[in-house]
Every structure is written in structure tokens, then in C-alpha cells.
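Q: Here is a sequence together with a model predicted from it:
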Amino acid sequence: MSKKKKDWKVEKARLLDLSLEERRKDYRGNHVPLEKIPTWTRHDKSKGKEGKEEGEEPKAVPVLLSDKVSLYKGDITILEVDAIVNAANSTLLGGGGVDGCIHKAAGPCLYDECHTLNGCETGRAKITCGYDLPAKYVIHTVGPVARGHVGKAQKELLSQCYQNSLALVKEHGLRSVAFPCISTGIYGFPNEPAAEIALETAKTWIKKNVNEVDRVVFCVFLDTDFKIYKEKMSRFFPQDEDVDEEGAEAPAEEEEEQEERAPGDVAMESQTDPFLSSPQAEAAVSVEDTEMASQGYGDEAMSQEESEDKKDAAEGETVPGKTMKSEPAGAAREDEEMDCSEDVAEERAIGPSASEPEASPRQTSCAPKSDPADAGRDVPDNGDSQDDVRPEKPNNNNEDAVKGEAPQSAEVTPPTAITGPAEETRTQGGDSAESEVIHCDLNQSKDRTGDLEEP
Ligand SMILES: NC(=O)c1ccc[n+]([C@H]2O[C@H](COP(=O)([O-])OP(=O)(O)OC[C@H]3O[C@@H](n4cnc5c(N)ncnc54)[C@H](O)[C@@H]3O)[C@@H](O)[C@H]2O)c1
């Protein structure tokens, strides 16, 4: 007998009403609780030994920026944080890469709720319930497509993805969020400049909202990104930089000037999403595609998506000034287009590691169809896999975003995060811990390491 399909609204209300202990009973697989993801701070052991003068008032421990961030390498779908960010496409109806994994791990209710959001424009963010994920929420954002050309507009739009996602974290009173490397997979944003934008945007936001968030986790998946982030994290989040209160957020009244937003939609100036506005997109999806999409992403629909993506990229859909109804702030002119070296290195999905946690990892059913390391694997030149789909254009009747308490984690899995550059790392509990790397059998995604030449 087939399982009765849940109503996403009923399921969302039920989940939001559960305590963390109750939610954990529903988890389908492994999870990593936040307290097992060490912060980037490198506690200098000597600090703990400073003697206190007799009667001396205990010094207030300054809040370090590096206490607010973590670097984690592995599958974002098992992180038990308040929200994970999805690198989605403009339909918000699933696809491949991290988008495909999140949808498959969250279950069909995620697709059903996304279907009511009426898509999402590049640079913007929308929030849904996390459903079967350990994360309470999913924040969906659409990064810029940057295959081969990255201009000021793409860089600004990528920054807006992080800004708008963090704005939703604040708006919904969430305390922890995990970001994948947005746009660096099939959308082709070079890994290194993307990391700069991610870290810079997050740092600026945290300094202005120091009391609004406890942790921002940068969740990398590829070795290349891990190396890039590990090198940059110490520069952006040095272990001796206090959070500077002077950078506090603008007074509330200034925020009132911002445009009225649809619930769960944090809008900023950004390009009109070519997919939502192009007639081809309207025709792009049949009901049959929708059925396949909700069942698990049909290949023919993906080839439609792929041809759409390729067409967008070819026609410069993301090139500033050509297709946008509203130019994003600081949109680059045509002549500011910068080529980035397409030094594309194919990275394998992170295979099983010796330190794999005891429990069988979450069945994300994202196992690659074939091992990318196999000789002669036909990988499309832009990294498109055959999983992305653009099912039917969604309708628009979502009342509001989700609200509620974040879950707590019940079982504890070995720490799998990467901590600061210290040889010996410390968990939040203070004892040293080997940082381990979990494996995730997921779609490999192309990895670009091109650099942007400044004009
Ligand atoms: N990569 C693919 O094979 C593929 C195919 C079709 C669509 N998509 C997706 O790609 C478009 C967005 O492009 P994008 O470059 O922003 O996203 P992306 O292609 O998913 O890549 C973003 C980053 O996420 C990484 N990643 C993949 N799986 C996981 C995971 N489980 N946990 C953490 N990180 C992970 C991936 O290695 C890359 O660094 C959307 O259409 C979306 O549906 C991806």
C-alpha cells in the first residue's frame, strides 16, 4: 500500500510544534548537532591559565568573530542547524547538486511548499520548513550563473544571496545557519572569488548583527573549496578580532523604508530571473515533467533545464543590461565583463572515509549514477548533470514563512567539522578532538578555480 502523501501545511505545523527531542525521533538518518561543529576560534590554552588578582572582577570575555563561524566539510543535509541554505534554481522546484540532495533528504513536502512560492529571482532568498531534514528550515537562494564570465553584477548578486539569506535568519529569529558554496557548481562561479564574497559578506553582516546569530557554518563539499576556505577563514576571522559593536545595525526606522516584502521573501535590487520571465520557460515544463519532478526528477525535463541553462548562458541572460528589468546595484557595464580562467578540475564526490560515523549515513539517494573518476565519463563542458528539472511554473499562494523553535539533537555523532588552523583543535566542550571528514555519496559537481582579473 503506497504511503499517504502528507499535506505540507499540516506537516509544517506539526513539525514546528515539536520539541527537538520529539523531532529527533523522526530523523531518517545520521545528523551532526551544532555543538559538535567547533567554531573557528583557536583557543590559546594559555588564556585559560591567566591568574586572577585577588578580588579582581572576572574579565568579560570579548566576543570573537571567530566564535561565530565554522568550517564544515561534508553533506549539508545532515547538519542540525536552524537553517541550511539551498543553492537553488529560479523555479525552487529542485534540480541536482546540493539542491537535489536537499530536496531528496527533505522529502516531497519541501517540493509542495516550494511550489507555492512562485519561484525566486537571482540574488533573492525564500524560506520553507525543513521537513525530514535535521535542519528546521531551508533558505532557498538562487546564485548568479557565471559560466566563463563574471562581472560586477554577478559578484553583487552572489553577495546578495548571502545577505538575503542572513536577513531571513534574522527575520525569523534563527540562531544558526549553514551555507553551501553557492553558484560554484553547475552555475560556474569560480571557487576562489566566490569564497571571498561569501566570507566578506558574512563577516560584514555578523559585525552588524552580532547578537542576532550564534553560528554561521560554511559547509564545503569539495577538497578544493575546503583548501580555499581554510586558508581564507583565518584572514577573515582572525582569532583575536573582537566583534566591533560600532558596526551595529542601522536604526529600525531606516528599515521601514525598505519595500514591502512577500512573507519569506527578502527582496533586494536584483536582476529579473530570466527563467521566470522568458516565454520559453512558460512552455518549458509539461504536467508530465511536474509529475516526474515530484517523483524524482526526470532526465528529459533535465535536458530541457540544461538547454534552458545553456541558452541563458549563451545569450548572456545574466549579462548585465541585457535581460534585467531592474539592474542590481553596481551592475557591471558590458566592457567591465571579466574573463575568468576556466581551470576546471573535476572533483570526485567525497568517498567513504575511514572515520565514517557508526550509524549508516542519511540515505540522501543522491548517489552518483557513475563514478566520475571513471575514464571517459562524458561530463558536459559546463558541468551540467542530467538531474536538474524545471517542472511546472509554481502557483503563488504561500501565506507565510515558517516560525518556531529550533530542534535539539539527541544522538551524538563524532565531530566532523574542520576547525581553525591550530594543530590541535578544540570542541566547544573544551577537549581536543580530531576533526573528521564524513563521506557523502552525492553528485559530483565541477569545480572551478579560475581567478578574477581586476580591471
Ligand atoms: N551540480 C549538479 O550536478 C547540478 C545539476 C543540475 C542542477 N543543479 C543545481 O545547480 C543549480 C545551482 O547551481 P550551483 O552551482 O549554485 O549549485 P550546485 O551545482 O549544487 O553546487 C554548489 C556547491 O554545492 C556543493 N554540494 C553538492 N552537494 C552538496 C551537499 N550534499 N552538501 C554540501 N554541498 C554540496 C557542490 O560541490 C558545489 O560546491 C540549480 O539548478 C540546482 O538545481 C546542480
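A: Thanks, I have the structure now.

Q: shouldn't M233 be in contact with V69?
A: Yes - M233 is within contact range of V69, at 7.1 Å (criterion: Cβ atoms under 8 Å). C-beta here means a position set from N, CA and C on the backbone, and glycine is covered the same way.

Q: list residues touching both of these two?
A: Shared contacts of M233 and V69, defined by Cβ atoms under 8 Å, 6 or more residues apart in numbering, are found at 40, 218.

Q: Show me what the helix ranked longest in the chain is packed up against.
A: Longest helix in the chain by number of residues, with DSSP state H as the criterion: helix 152-171. Here helix 152-171 touches strand 83-88, strand 125-129, strand 137-142, strand 176-179, helix 191-208, strand 265-266, going by 3 or more Cβ pairs under 8 Å, 6 or more residues apart in numbering; DSSP states H and E.

Q: could you give the angle of that helix to strand 137-142?
A: Relative orientation of helix 152-171 and strand 137-142, computed by axes from the mean of the first three to the mean of the last three Cα atoms, to 10 degrees: 160 degrees.

Q: Run the angle between helix 152-171 and strand 125-129 for me.
A: For helix 152-171 against strand 125-129, the angle between stretch directions is 40 degrees (the same axes, to 10 degrees).

Q: C-alpha coordinates for helix 152-171, CSV please?
A: What follows is helix 152-171 as a C-alpha-only set of coordinates in CSV (Å, rounded to 0.1, in the frame of the first residue of the first chain):
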residue,chain,number,x,y,z
LYS,A,152,30.3,43.2,-11.1
ALA,A,153,26.7,42.2,-11.4
GLN,A,154,27.4,38.5,-10.8
LYS,A,155,29.6,39.3,-7.8
GLU,A,156,27.0,41.6,-6.4
LEU,A,157,24.2,39.1,-6.9
LEU,A,158,26.2,36.4,-5.2
SER,A,159,26.8,38.7,-2.2
GLN,A,160,23.0,39.4,-2.2
CYS,A,161,22.4,35.6,-1.9
TYR,A,162,24.3,35.6,1.4
GLN,A,163,22.9,38.9,2.6
ASN,A,164,19.3,38.0,1.8
SER,A,165,19.7,34.5,3.4
LEU,A,166,21.1,36.1,6.6
ALA,A,167,18.3,38.6,6.6
LEU,A,168,15.9,35.8,6.7
VAL,A,169,17.8,34.2,9.5
LYS,A,170,17.4,37.4,11.5
GLU,A,171,13.8,37.9,10.4
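
Q: Adding mean neighbour count, write the helices and strands packed on helix 152-171 out as a markdown table.
A: Supplementary listing: those in a markdown table, determined by neighbours: other Cβ atoms under 10 Å:
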| stretch | mean neighbour count |
| --- | --- |
| strand 83-88 | 29 |
| strand 125-129 | 28 |
| strand 137-142 | 29 |
| strand 176-179 | 25 |
| helix 191-208 | 21 |
| strand 265-266 | 21 |
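
Q: export these to JSON lines and tack on distance to the ligand and mean pLDDT?
A: Compiled in JSON lines, the helices and strands packed on helix 152-171 are given as follows (distance: least, Cβ to the nearest ligand atom, whole Å; pLDDT from 0 to 100):
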{"stretch": "strand 83-88", "distance to the ligand": "3", "mean pLDDT": "98"}
{"stretch": "strand 125-129", "distance to the ligand": "13", "mean pLDDT": "98"}
{"stretch": "strand 137-142", "distance to the ligand": "8", "mean pLDDT": "98"}
{"stretch": "strand 176-179", "distance to the ligand": "8", "mean pLDDT": "98"}
{"stretch": "helix 191-208", "distance to the ligand": "7", "mean pLDDT": "98"}
{"stretch": "strand 265-266", "distance to the ligand": "18", "mean pLDDT": "52"}
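
Q: between these, which gets nearest to L16?
A: Smallest distance to L16 across those (Cβ to Cβ): 7.2 Å, for strand 125-129.

Q: tell me what that closest one is packed against?
A: Packed against strand 125-129, as judged by 3+ Cβ pairs under 8 Å, 6+ apart, are the following elements: helix 8-16, helix 108-114, strand 137-142, helix 152-171, strand 265-266.

Q: Can you name the residue of the stretch 201-350 of the chain nearest to the ligand?
A: F221 (3.5 Å; Cβ to the nearest ligand atom).

Q: Just give me the neighbour total for that residue.
A: A count of nearby residues for F221, using other Cβ atoms under 10 Å, gives 28.

Q: Do I have it right that it meets L71?
A: No - between F221 and L71 there is no contact under Cβ under 8 Å: 12.0 Å.

Q: C181 belongs to a strand?
A: No - applying DSSP: H, G, I helix; E, B strand; the rest coil, one finds C181 to be coil, outside a strand.

Q: Tell me the predicted confidence for A417.
A: The predicted local distance difference test score for A417 is 56.

Q: With adjacent residues omitted, what lies nearest to K170?
A: Excluding the flanking residues, the one nearest K170 by Cβ to Cβ, 6 or more residues apart in numbering is E212, at 4.7 Å.

Q: just checking, the one you found touches L168?
A: No - in terms of Cβ under 8 Å, E212 does not count as a neighbour of L168; the distance is 11.5 Å.

Q: Compare these two (neighbour count), which wins?
A: Neighbour comparison, E212 and L168: the larger count goes to L168, with 25 against 17 (by other Cβ under 10 Å).

Q: Tell me who's in contact with T41.
A: Under the criterion of Cβ under 8 Å, 6+ apart, the contact list for T41 reads 64, 66-67, 239, 420.

Q: and the gap between it and the ligand?
A: Here the distance between T41 and the ligand works out to 23 Å (Cβ to the nearest ligand atom, to the nearest Å).

Q: ditto for L71
A: According to Cβ to the nearest ligand atom, L71 stands 12 Å off from the ligand.

Q: a strand runs through that residue, doesn't it?
A: Yes - inclusion of L71 in a strand is indicated when three-state DSSP is applied.

Q: Does V98 touch L222 like I think?
A: No - taking Cβ under 8 Å as the definition, V98 is not a contact partner of L222, at 11.3 Å.

Q: Comparing those two, which shows the higher neighbour count?
A: Each of V98 and L222 had its neighbours counted (other Cβ under 10 Å), and the higher figure belongs to V98 (26 against 23).

Q: Tell me if the more buried one really is in a helix.
A: Yes - assignment of V98 by three-state DSSP places it within a helix.
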